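1. sequence unknown, structure follows:
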């Protein structure tokens, strides 16, 4: 009973992440890659993403402090950031990154700064959400993982 | 995204530009744009003046003629008057001479009053103008008494009173009867007479008085006076002597008025003119001599003629005027006014014309602006569609994903049904949106065709494989055949070509329930040569016997060009020389024939219109939007071809399209994109196959696929024939070995039997087939394989019992699929897994990637980790490199990597550069002679003994430019980032499918099989 309730909760937490557009199919792919050989693959990747992105955000912040802005450099950093985000399926962050790159192309200083604030915001929100999700989700629990696995496989088949 | 956005901006800018252009006038107008009425008024006024001038011009001539008439009449009258006057004056002169002669020169005088009166009365006719003449004697005062005594009377003045005392008198002594009352009147008492007398005796000539009222009548008259001298005067005498010599004066009164009246009365046209005679001795005060003061006549024309009455002192003139005004010149008036009217009308015409033109021009401008706006709107619509379709796809994917998730949860059957329906609808919507997007792209002119070399046949095979399941399910025979004359590699847009074919075949599959769908590709010129002899009419069914049609499935097709009779020309080996080899272009005719429901005649012309289906019930029954054909049409036209069809309701449709591809310069396929080219195993080359099929077209299709695999194909149309051949062989086996060897070449390695043919011959054929299988020759006897569209399990069991091998080649045939099946049959042990592996992607991936060593190059840690994780999952050993340089170091020859996944965008050295360098290293190594180090075990070392590491690009932006760049720098393929199983499978499958070690082992088995 408790198990069942738990499962439901996890499922709804996960679904809400998708429904609210924080994550996309890529995250499912990641979960798909997680198996016995790699039991904490998703968490590992996400952690990697956070350490990586924190560094990138710091880099970008420094770059934004220098005036005038070096758009090439910013674009470069953001490309990496976007790459990482798309790899874990952080959809909202990725979209913001794209917008940032648009601004870079247009050489729009205010836009860049504004959007970067958004990027950070989305990044932080996602981090918070994923942290709660990973806390709730006993990713070691075999049963749960299998449920996820099945879901994701069906999704991928579509 | 950025690129896309820019594109939009650009297009918008273009449309704005067009709009601006449209507003500007593109022509010069020669018509005043406004104030036309002012111009009209100006015109009217200007030509009014012109008309008046014209009138005056013409009228001037008229007036001149009138003037001339007046002048001639006036002069004539003046001359006559003058002449008459002269005559009278001369006569009075003669009288004066008479008086001087007979009164003074004769002494005594022979003239007295009676004689004078008598003479003058009798000669009065000579002087019609004179009322009378009288002679007055010059009497000095001293002689007065003597004179009075002599004439018995006293001298009286004009007032008939006795004359007062004067120096001199001039009493009348002789007078004509008519003026007898003048007797003894002193002429010098009258003012005018006195002046006249004085002047006359001084000049010795006739003189005239100014006009005055004559005595005895009310008429105006003048008095003419001649001097009479006592003696003849010498020619030169002084005035004084003249006065001295004066004896008297002869005078006569001219009644000018009656004179002129009389004269004018004699002339014609008298009524028309007014004549006046003036005495103008004193020019400032002309005295009227004749004519009434009141009668003025026409003042516009006046002629003045001078009159000379013989008295130089007195001047007279005659003034003539027309009595009435000259009539207006009608010719002038009518000419001018008519001309003016014409000009007015012309002006009005111009006016209305100008107004009309201006209006038309304005309308035209408006139209143009509207047109520009409409075009802009059209472009905007297409852009909007493109954008919106794109935007819709994103949430749609979300919806579909969520539905899939929903379906995974525990649902009641109703809920599941609803969710599944929703999902099916969503998929349909996505398809529709994709189609709309395509069309919008074409309309917006965004669609660009690429030109890359590709293998036409493998594309067709791909398309067929798409529909194979559906067709099998429906029991339709689906087949493709490409003419041998069509070159293997052509240049064109494979994607779009595939789209058109997919669309047509998809339509056919959708609308066909029985029979076949047959895709053919021929050289356009070859097929046209045949088509000329026949004419087809859409929808008209000729009254043929619907017994047996020699088409693919035996059912009647709309276009009987594909029946065997004509078809054999097209597939015939030596029918046409291979002349197309020289041409630059490859014109292909593709036909897709089906035996579906056909297109109703009334709907046939709407087929290529977007969103048109034959009727609404069709779409209800079969689904679809009807946009596909219109897209196909656009695409075919973009590719430089035409699309058409022949259709007969209830019989089927055949769609044709032509397409022009360029011949590829490269005969090799080494640098083709793997996705566009399917490397068929050449392990079957030389294998002898006998195909048993009663339907020649179907057999030809089978032969086409088998020949692509390099096999030698023979066709027989019944099992009996095959058996008889085999039977002969069996007999021959008992013959001496040399002969057996000889015949061995003719024995087929494989026997492919069509299921229909087999079933129809079931009773006779099968048993004997197995019976005749010679014992002890089992290994040598050909394998028998069944070809079938669909097969039921009892049939399958029966087939197995008859001696067919386990594997049934399921139609539609594809060269690669046939190859796989044959491989399976020929090598039942090792390769049995292959077919199953192909079916399931991840399993296949695992099998392919398992144990492979793969290098992943990406500067992004996360990406790298994900890629590595994904590859590891399929059993590959993954090594990572975080930069191009590290990768290069790792890839230094010799190495043991089987493949490399390469990120493109990396700092310092990007993926392209790394690939170029790797390729350079490899080509250097390949040119060197084989050294020992090269013989390291590894798949990168291909069987031809050359280094070629498969490098797949990992790219996030899926645009053509990147693909081209990938190919240019020597990459073998690409996978989109982030990794997805599907795409990874596709990329890897393309790559590893035909690679060793499977190929190698396969080769050995076939060679084994070839041995006796």
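-> Great, that's in hand. Since we're looking at a predicted model, the values are computed, not measured.
2. ok, and the closest non-adjacent residue to the residue of the stretch 751-900 of chain B found nearest chain A?
-> Here the stretch 751-900 of chain B gets closest to chain A at one residue, residue B:862, 4.0 Å apart by Cβ to the nearest Cβ. Placement of C-beta: from N, CA and C, glycine included. Of all residues not flanking residue B:862 in the chain, residue A:84 sits nearest, at 4.0 Å (Cβ to Cβ, 6 or more residues apart in numbering or on different chains).
3. and the helix or strand hosting the one you found, how far from the chain's centre?
-> Assigned by DSSP states H and E, residue A:84 falls within helix A:71-88. Distance, stretch centre to chain centre, for helix A:71-88: 13 Å (Cα atoms, centre = their mean, to the nearest Å).
4. now the element after it, going C-ward?
-> Downstream of helix A:71-88, the next assigned helix or strand under DSSP H and E is helix A:91-106.
5. where along the stretch 101-250 of chain B do the strands fall?
-> B:130-137, B:139-140, B:168-169, B:172-175, B:207-208, B:212-213, B:220-229, B:246-254 (DSSP state E, counting those that start in this stretch).
6. can you check chain A too?
-> Per DSSP state E, chain A carries no strands over any range.
7. please give the element, helix or strand, for residue B:713.
-> Assigned by DSSP H and E, residue B:713 falls in strand B:712-716.
8. list the contacts of residue B:642.
-> B:636, B:657, B:658 (Cβ atoms under 8 Å, 6 or more residues apart in numbering or on different chains).
9. what's the closest of the residues you listed to chain A?
-> Using Cβ to the nearest Cβ, the contacts of residue B:642 come closest to chain A at residue B:636, 31.9 Å.
10. right, and the closest one touches residue B:499 too?
-> No. In this structure residue B:636 lies outside contact range of residue B:499 using Cβ atoms under 8 Å: 10.2 Å.
11. touching both of the two, which residues are there?
-> By Cβ under 8 Å, 6+ apart, no residue touches both residue B:636 and residue B:499.
12. who has more neighbours, these two?
-> Legend: neighbour count by other Cβ atoms under 10 Å in any protein chain shown for residue B:636 and residue B:499, higher for residue B:636 (23 against 18).
13. now the strand or helix carrying the residue of the stretch 751-900 of chain B closest to chain A: average pLDDT?
-> Element membership for residue B:862 (DSSP H and E) is helix B:861-873. The average pLDDT within helix B:861-873 is 79.
14. all helices for chain A, in order.
-> When secondary structure is read from DSSP state H, chain A shows helices at A:2-19, A:25-33, A:41-65, A:71-88, A:91-106, A:109-136, A:142-157.
15. show me what the second one is packed up against.
-> Spelled out, it's helix A:25-33. With contacts taken as 3 or more Cβ pairs under 8 Å, 6 or more residues apart in numbering or on different chains; DSSP states H and E, helix A:25-33 sits against helix A:41-65, helix A:71-88, helix A:142-157, helix B:861-873.
16. and those, which one's lowest on average pLDDT?
-> Looking at the helices and strands packed on helix A:25-33, the weakest mean confidence is helix A:142-157, a mean of 42.
17. before we move on, the earlier item: turn the contacts of residue B:642 into TSV, including pLDDT and distance to residue B:405.
-> Putting the contacts of residue B:642 into TSV (pLDDT from 0 to 100; distance: Cβ to Cβ, whole Å) gives the following:
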residue	pLDDT	distance to residue B:405
B:636	88	41
B:657	89	42
B:658	89	47
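18. so which of the residues you listed are in strands?
-> Per DSSP E, these map to strands at B:657, B:658.
19. for the contacts of residue B:642, give me JSON lines that also has distance to residue B:893.
-> JSON lines is the format used below for those (distance: Cβ to Cβ, whole Å):
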{"residue": "B:636", "distance to residue B:893": "48"}
{"residue": "B:657", "distance to residue B:893": "49"}
{"residue": "B:658", "distance to residue B:893": "49"}
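20. list the buried residues in stretch A:91-101.
-> For stretch A:91-101, the neighbour count (16 or more other Cβ atoms under 10 Å in any protein chain shown) marks A:91, A:92, A:93, A:94, A:95, A:96, A:97, A:98, A:99, A:100, A:101 as buried.
21. revised request: answer the last question for stretch A:42-49.
-> Quick answer for stretch A:42-49 (16+ other Cβ under 10 Å): A:42, A:43, A:45, A:46, A:48, A:49.
22. is that stretch up against chain B anywhere?
-> Yes. Using Cβ under 8 Å from any Cβ of the partner chain, stretch A:42-49 reaches chain B at A:44, A:45, A:48, A:49.
23. keep only those of the buried residues of stretch A:91-101 that are also close to chain B.
-> Filtering the buried residues of stretch A:91-101 for proximity to chain B (criterion: Cβ under 8 Å from any Cβ) leaves A:98, A:101.
24. not counting sequence-adjacent ones, nearest residue to residue B:63?
-> Closest residue in space to residue B:63, ignoring its immediate chain neighbours: residue B:326 at 7.2 Å, by Cβ to Cβ, 6+ apart.
25. what's the closest of the strands of the stretch 101-250 of chain B to chain A?
-> Checking those against chain A by Cβ to the nearest Cβ gives strand B:220-229 as the closest, at 118.9 Å.
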